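Asks: Next input, structure requested:
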Amino acid sequence: MKIRRATREDVAAIVAMLADDPLGATRERPGDPAYDKAFEVIDADPHQFLAVAEDNGQIIGTLQLTFTAGLSRTGMTRATIEAVRVHDDHRKAGLGRQLVEWAIDEARRRGAGLVQLTTDASRQEAHRFYERLGFVPSHVGMKLSL
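Replies: Residues are numbered from 1 along each chain as shown. Predicted coordinates for the structure are as follows:
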């Protein structure tokens, strides 16, 4: 298994994983051309890293890592992990841990001083997973749909 930067050819497999859970099933639309446009924006931005885990030519996991410069905390760069997904056939085998640990190492390598993420309030199992990896539920996240 290797973790690498996603390519345009990986988009359909990534979207399929995003859609393969109770929340994603209600909000994702596999095949929609909007995903290709979003990929172009992500891929062109040096502060974004859309990663995939690949095994024997199959995309089996994904996450997006975003680097944000800021003035708070003495000008610290933050890394944000988003959209962690593991293919259904590979869950419960440690791949999620490998992906997140890779993201933490990449954040360190790029000089980030903090790694953060949000997870839907309904995903209790995900909360326990991230806490086992050392994440602390220190903030309350809020969203405003537009």
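Asks: Please, where are all the helices along this protein?
Replies: Assigned helices in the chain, in chain order: 11-19, 22-27, 34-44, 72-75, 95-109, 124-132 (criterion: DSSP state H).
Asks: Pick the most buried one from these.
Replies: Of all those, helix 11-19 has the most neighbours on average by mean count of other C-beta atoms under 10 Å, namely a mean of 19. All C-beta atoms are positioned from the backbone trio N, CA, C, and that covers glycine.
Asks: Now do that one against helix 34-44, angle only.
Replies: Between helix 11-19 and helix 34-44, the angle comes out at 110 degrees (axes from the mean of the first three to the mean of the last three C-alpha atoms, to 10 degrees).
Asks: pLDDT (mean, whole number) over helix 11-19?
Replies: Helix 11-19 shows a mean pLDDT of 97.
Asks: and the angle for the longest strand belonging to the chain with helix 95-109?
Replies: Secondary structure assigned by DSSP state E gives strand 58-69 as the longest strand of the chain. Angle between the axes of strand 58-69 and helix 95-109 is 30 degrees (criterion: the same axes, to 10 degrees).
Asks: Return the distance of strand 58-69 from the chain's centre.
Replies: 4 Å (C-alpha atoms, centre = their mean, to the nearest Å).
Asks: Report the backbone C-alpha coordinates of that strand in CSV.
Replies: What follows is strand 58-69, C-alpha atoms only, in CSV (Å, rounded to 0.1, in the frame of the first residue of the first chain):
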residue,chain,number,x,y,z
GLN,A,58,-7.0,0.0,-6.4
ILE,A,59,-7.9,3.2,-4.5
ILE,A,60,-8.6,2.0,-1.0
GLY,A,61,-8.5,5.2,1.0
THR,A,62,-8.5,9.0,0.8
LEU,A,63,-8.2,12.2,2.8
GLN,A,64,-7.6,15.9,2.0
LEU,A,65,-5.0,17.8,3.9
THR,A,66,-5.2,21.6,3.8
PHE,A,67,-2.5,24.0,5.1
THR,A,68,-3.6,27.4,6.4
ALA,A,69,-1.3,30.2,7.4
